[in-house]
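>>> I'll drop the sequence and a predicted model, then ask my questions.
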Amino acid sequence: MNLWLRLLHLIIASFARPKLDPVRDVSRLAFRVWPHDLDTSLHMNNGRYWTLMDLGRTDMMIRSGLWRPILKKGWVPVVGSAQIRFRRELRPFRAFILETRILTWSDSHVVMEHRVMSQAKDGSPVLNAIALVRAGLYDRKERRFVPMERLLAEIDIEARAPAAAPEVEAFLRAEETLKSAA
């Protein structure tokens, strides 16, 4: 139930928060580790990171205005691949920030980065986890992913895809390798 409450809170709060340019801006969402987020090791469950990252992508879609054509046209967000690196655990009641940003895109998919950040006792930033996600919006009627050019046009943005960093290129190569292995 807590995830539905977090989603409801996100949706309501999104309308009071500033609009995001998904090409240039970073979504930042504040959370706290609650007891129902824990696993048997008494730190945040690894699956919970992924679920919260869904909320980061949702925030991007809502605050960029992309939610309107998504609902109107019946497009469905689909994650094709993802990779995460856990660096520091999050213990109960710890506050943290989820940062979500688009790194680059292809004809029909974006590559997003999620960073889970907390603060050390001295106030310095701590990177708890970092993830790369390749995702797109699927048009069920046309049975294909919506081209990025069309998505950007829907929210009146004209932009070219930034060059992929080496870690993004490695992530995409690994994804292609896995896809061909299946």
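Yep, it's here.

>>> would it be right to say that residue 112 lies in a strand?
Yes: counting by DSSP: H, G, I helix; E, B strand; the rest coil, residue 112 falls inside a strand.

>>> check the secondary structure at residue 162 for me.
At residue 162 the chain is in coil, as set by three-state DSSP.

>>> quick check: beta-bridge partners of the closest residue to it other than its chain neighbours?
Distances taken as C-beta to C-beta, 6 or more residues apart in numbering put residue 104 closest to residue 162, at 5.0 Å, once the chain neighbours are dropped. (C-beta placed from N, C-alpha, C; glycine too.) Using DSSP bridges, the bridge partners assigned to residue 104 are residue 111.

>>> I'd assumed residue 161 was in contact with residue 104.
Yes: using C-beta atoms under 8 Å, residue 104 is in contact with residue 161, at 4.9 Å.

>>> out of these two, which sits in the more crowded spot?
residue 104 (18 against 15; other C-beta atoms under 10 Å).

>>> quick one: contacts for the more buried one?
110, 111, 161, 162, 163, 164, 168 (C-beta atoms under 8 Å, 6 or more residues apart in numbering).

>>> and the gap between the second one and residue 21?
Yep, that's residue 111 we're talking about. 17 Å (C-beta to C-beta, to the nearest Å).

>>> more neighbours: these two, which one.
Using other C-beta under 10 Å as the criterion, residue 111 and residue 21 rank with residue 111 on top: 23 against 13.

>>> now residue 169: which helix or strand?
Element membership for residue 169, per DSSP states H and E: helix 166-181.

>>> quick check: mean pLDDT of that helix?
Across helix 166-181, pLDDT averages out at 93.

>>> got it, and stretch 78-95?
Mean predicted confidence for stretch 78-95 is 97.

>>> ends of that stretch, what's the gap?
28 Å (C-alpha to C-alpha, to the nearest Å).

>>> contact partners of it?
30-35, 38, 41-44, 46, 49-50, 96, 109, 116, 118-119, 126-138, 145, 171, 174-175, 178.

>>> please enumerate the helices of the chain.
Shown for the chain, the helices assigned by DSSP state H span residues 2-14, 46-64, 67-73, 148-154, 166-181.

>>> okay, the residue sitting furthest away from the middle of the chain: pLDDT?
What lies farthest from the middle of the chain is residue 122; by C-alpha atoms, centre = their mean that is 28.3 Å. With respect to pLDDT, residue 122 scores 97.

>>> tell me, how many residues neighbour residue 66?
Residue 66: 21 neighbours (other C-beta under 10 Å).

>>> got the phi/psi numbers for it?
Taking degrees, to the nearest 10, you get phi -70, psi -20 for the backbone angles of residue 66.

>>> so who does it touch?
Residue 66 neighbours (C-beta under 8 Å, 6+ apart): 22, 60, 151, 154, 155.

>>> and the pLDDT for the closest residue to residue 74 other than its chain neighbours?
Spatial nearest neighbour of residue 74, excluding adjacent residues (C-beta to C-beta, 6+ apart): residue 140 at 6.1 Å. Residue 140 is assigned 95 on the pLDDT scale.
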